[in-house]
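**Q** got a structure for you, letters missing:
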């Protein structure tokens, strides 16, 4: 069973940048995609971004498109989320997740990393 470990969260001011990282404990060569989700206090977890492992194709939720960039390093079994021009509404716990098969649900999750955007 793969383990996913996120890092890179923190407290930043509006307009700042952060880069989240997610490292997998196993070789991810045969998975379909990796994604980032977030959950703000009192809200349900929401999809943020996804990268297809083989092709690098990406998809974003509307609220982060143009500000966030998801990328992956297949040699390191890692996925990243570069977050620029952060806003207070980006405050949440961010989770990375793995999807083994296209069309299925994400099937493995990290423990989350807190991102707080506040002046």
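**A** Yep, that arrived. Remember, predicted model here, so these are calculated numbers, not experimental data.

**Q** Quick check, central residue of the chain?
**A** residue 36 (2.5 Å; C-alpha atoms, centre = their mean).

**Q** list the helices and strands the helix or strand where residue 38 lies packs on?
**A** Element membership of residue 38, judged by DSSP states H and E, is strand 33-39. Strand 33-39 makes packing contacts with strand 18-24, strand 46-52, strand 68-73, strand 78-83, strand 92-99 when contacts are defined by 3 or more C-beta pairs under 8 Å, 6 or more residues apart in numbering; DSSP states H and E. Any C-beta I mention is one placed from the backbone N, CA and C, and that applies to glycine too.

**Q** So for residue 60, which of the ones you listed sits nearest?
**A** strand 46-52 (4.8 Å; C-beta to C-beta).

**Q** average model confidence for the strand holding residue 38?
**A** Averaging pLDDT along strand 33-39 yields 97.

**Q** Tell me the strands beside it, with direction?
**A** Sheet pairing here is set by DSSP bridges, and for strand 33-39 it gives strand 46-52 (antiparallel), strand 92-99 (antiparallel).

**Q** could I get the helices and strands packed on strand 33-39 as a markdown table with distance to residue 31 and mean neighbour count?
**A** Formatted as a markdown table, the helices and strands packed on strand 33-39 follow (distance: least, C-beta to C-beta, whole Å; neighbours: other C-beta atoms under 10 Å):
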| stretch | distance to residue 31 | mean neighbour count |
| --- | --- | --- |
| strand 18-24 | 9 | 19 |
| strand 46-52 | 10 | 19 |
| strand 68-73 | 10 | 18 |
| strand 78-83 | 10 | 22 |
| strand 92-99 | 6 | 22 |
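
**Q** Could I get the ones you listed in TSV, plus columns for mean pLDDT and distance to residue 107?
**A** Formatted as TSV, the helices and strands packed on strand 33-39 follow (pLDDT from 0 to 100; distance: least, C-beta to C-beta, whole Å):
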stretch	mean pLDDT	distance to residue 107
strand 18-24	96	13
strand 46-52	98	14
strand 68-73	97	17
strand 78-83	98	15
strand 92-99	97	6
